[in-house]
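Asks: need coordinates for the following:
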Amino acid sequence: MRCVIARFPFDLTKSGVLESMKGIKPEPVTGESVIIGRRHYPAKQVGQVVTRQDRRDFTAGEVLRAMSRLGFTCRALPGAAPARLDTPLQRASAMLGAPLSG
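Replies: Got it, this is the predicted structure:
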C-alpha cells in the first residue's frame, strides 16, 4: 500500500512492517502507539524504523493513519480528564470549608 509520510511516498505492507519491527525493543509509550504483534510501540519509533527517517520529520498522526490502513491496532493519545468547572459559590464554599453539623 502506498503511504505518504513526511512528504515522501512509501510502499508499505503489513508483512514488511512486521519484518522491520522484528527484534526491535519497544520504548516506553507516553503518547500515541501502534500494537505490532503483542507489543506496544510508540508511533514515532515505528515511523523511524519503517521509514528510516528522523522522528522530527513526520508526525505521529501520519504513522497512525498508515498503520491503521495496514490493519494494525493504533491507540491515540489518551484524552485528559475534563476539568472540573465549579461555580463561584462552590469555590467559595470549598475555601471556607464545610459547615459544622451540630
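
Asks: for the protein, which spans come out with low pLDDT?
Replies: Of all residues in the chain, those with pLDDT under 70 make up the ranges 78-85, 98-102.

Asks: for it, just list every one of the strands.
Replies: Counting by DSSP state E, one finds strands in the chain at the ranges 2-5, 8-11, 33-36, 39-42, 73-75.

Asks: list the buried ones in the second one?
Replies: When neighbours are counted by 16 or more other C-beta atoms under 10 Å, the buried residues of strand 8-11 are found to be Phe10. Where C-beta positions appear, they are placed from N, C-alpha and C, glycine not excepted.

Asks: got the contact list for it?
Replies: For strand 8-11, the external contacting residues (C-beta atoms under 8 Å, 6 or more residues apart in numbering) are 1-4, 50-51, 53, 66.

Asks: Lys25: which of the residues you listed is nearest?
Replies: The closest of the contacts of strand 8-11 to Lys25 turns out to be Val50 (C-beta to C-beta; 15.7 Å).

Asks: list the residues that contact the nearest residue to Ile36 once chain neighbours are set aside.
Replies: In this structure, Ile36 finds its nearest non-sequential neighbour in Met21, 5.0 Å apart by C-beta to C-beta, 6 or more residues apart in numbering. The neighbours of Met21, taking C-beta under 8 Å, 6+ apart as the test, are 36-37, 39, 41, 46, 49-50.

Asks: most neighbours of all the residues you listed, which one?
Replies: Val46 (26 neighbours; other C-beta atoms under 10 Å).

Asks: from Arg2, how far off is Thr73?
Replies: According to C-beta to C-beta, to the nearest Å, Thr73 stands 21 Å off from Arg2.

Asks: I should have written Gly61 there, sorry.
Replies: 18 Å.

Asks: repeat for Asp11
Replies: For Asp11, the distance to Arg2 equals 6 Å [C-beta to C-beta].

Asks: one more: Thr51?
Replies: Relative to Arg2, Thr51 is positioned 13 Å away (C-beta to C-beta).

Asks: more neighbours: the two, which one.
Replies: Thr51 (21 against 9).

Asks: which residue ranges form the helices in this structure?
Replies: For the chain, applying DSSP state H gives helices covering 14-21, 43-51, 60-69, 88-96.
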